[in-house]
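S.K.: Mind looking at a prediction? Sequence and model below.
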Amino acid sequence: MNIAKTYSFWNKVIRKGNEKMVYAVGVLFVIVCCVFIVRNIPRQRHDDDVENKIISNDCGGLDREELMSFLENKGISREEYQKIRLNAHKKRAEKGEVLSQFYYANLIRSDDLVEAEKYYNLAAEQNYIPAITMLMYEYSDIGEFETDQNKELYWTRKGIELGDVSSMLKMARDYSIGEIIEKNEAEQEQLLVRAAKLESAEAYVALSQMLKFNKNQQMQFLRNAISLAGMKNDRDAFESACFGLGWNYKPIENNPDADAKKSCYFFFLAYALGNEHALHNGQESGYTPQHEELEAWGEDARNLKVRM
C-alpha cells in the first residue's frame, strides 16, 4: 500500500511539472548511486584480488604456501576458498579462457561428468594439450566417458599433430595391440622414434622391445632410457629400463652379453623400484653379491627412490 501511494505521489509531481521536486529527486538518486558504487568498489576489488591469486596458484604462477598465507590474512576459510575457486574458474571458462575451462572441468567432474566433458572439449578445441590427452583416455575403454573409439582416435591424432609425446606413445601402443586400429609395426616404430627424439625414456624402452632391432641396438635403447629417466626422475621408465638391462645381461644360452653380476644388479634396482618379477629373475642370474656390494647397491636403490 505504501509503495503504491509513493508511486502515485511522484507520478503526480512529475505530471504537474514540479521542476524543483523532480530536480531534488534526481540529485537524491545520483547521491544514492554514488554511495552504492563507493561502498561496493573496494569489495569488488577485494574479490578480484582473491580470485586472481587463486587462479595464479592453479596456473603455476603462485606458490601454494604463499596462497594459503594470503587467504589466512584475508580471513578466508578453506571452504570459502573452494567456492571462490570454483566460481572464479567458471566465470573465466564461460568467457572462453582455456586454462579455466580445463580446471573447471577438473573441479566439477565428480559431480557433473557431462558438464566436465563439455569443458574438456572446449579446452581441447583450443589445442590445450592436457585437455586433449585427457579426452583421448576418457573416450577409451579405461575412461569414465561413454566409450567412443572415433573420438579416442581423433584426439590422439590431434595430440600427435601438436607434438605431444604421450599421444605418440599411446598411438604406438594402439598400432602394436591392433584393437581400435589395425596393427602396423612400421607406424608404431615411426611414432616411437619420433617420441624418442623428443627425449622420451618410455619410447626408448618400447623400441628396445621391438624384435626387428638387434641386441646391440636394444641395449643402446635401454641405456638411453636409463640416462633420460634419470635426468627426468621418470621412475616407471627407469624401472622398466633396469628390468630390460637385467634381462639382456642374463646368463642364458647364446647370450654374448651375458654378465651375471650386471644382470643381478639391474634386476635388484628394478625390484627396489617396484617390479616384483625382478626378484625371481635376479635370483636366476646365479650371482650372489658380497656384503660390501649389497650395501652399495642398496645405497643406489635408496638414492633412486628418494629422487623418484
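M.R.: Done, it's in. This one's a predicted model, so the numbers in the text were calculated from it and none came from an experiment.
S.K.: CA atoms for contacts and neighbours, from now on please.
M.R.: Noted.
S.K.: Figure out the helix or strand that residue 158 lives in.
M.R.: helix 149-161 (DSSP states H and E).
S.K.: Closest to the centroid, which residue in the chain?
M.R.: residue 130 (5.7 Å; C-alpha atoms, centre = their mean).
S.K.: Which of the residues in the helix or strand just after the helix holding residue 158 are classified as buried?
M.R.: Using DSSP H and E, the helix or strand that directly follows helix 149-161 along the chain is helix 165-177. Across helix 165-177, burial judged by 16 or more other C-alpha atoms under 10 Å covers 165-176.
S.K.: got the angle for the helix holding residue 158 vs helix 165-177?
M.R.: Relative orientation of helix 149-161 versus helix 165-177 (axes from the mean of the first three to the mean of the last three C-alpha atoms, to 10 degrees): 130 degrees.
S.K.: List the buried residues of helix 149-161.
M.R.: 151-153, 155-160.
S.K.: Next: stretch 195-213.
M.R.: Within stretch 195-213, the residues that count as buried by 16+ other C-alpha under 10 Å are 195-196, 199-208.
S.K.: ok, now stretch 182-193?
M.R.: 183, 185, 188-189, 191-193.
S.K.: before we move on, the earlier item: now distance to residue 261 too, for the buried residues of helix 165-177, in a markdown table please.
M.R.: Output for the buried residues of helix 165-177, formatted as a markdown table (distance: C-alpha to C-alpha, whole Å):
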| residue | distance to residue 261 |
| --- | --- |
| 165 | 35 |
| 166 | 34 |
| 167 | 37 |
| 168 | 36 |
| 169 | 32 |
| 170 | 35 |
| 171 | 37 |
| 172 | 34 |
| 173 | 33 |
| 174 | 36 |
| 175 | 36 |
| 176 | 33 |
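S.K.: Could you save those residues as TSV and add columns showing pLDDT and distance to residue 289?
M.R.: Formatted as TSV, the buried residues of helix 165-177 follow (pLDDT from 0 to 100; distance: C-alpha to C-alpha, whole Å):
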residue	pLDDT	distance to residue 289
165	98	39
166	98	38
167	98	41
168	98	40
169	98	37
170	98	39
171	98	41
172	98	39
173	97	37
174	97	41
175	98	41
176	96	38
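S.K.: what two of the residues you listed are the furthest from one another?
M.R.: 165 and 176 (16.6 Å; C-alpha to C-alpha).
S.K.: Quick one: low-confidence residue ranges for the stretch 1-150 of the chain.
M.R.: 1-47, 61 (pLDDT under 70).
S.K.: Tell me where it has strands.
M.R.: With DSSP state E, counting those that start in this stretch, there are no strands along the stretch 1-150 of the chain.
S.K.: how about the helices in it?
M.R.: Assigned by DSSP state H, counting those that start in this stretch, the stretch 1-150 of the chain shows helices spanning 2-16, 19-58, 64-73, 78-94, 98-108, 113-124, 129-138, 149-161.
S.K.: Check the stretch 201-308 of the chain too.
M.R.: 201-208, 215-232, 235-248, 260-272, 277-284, 291-307.
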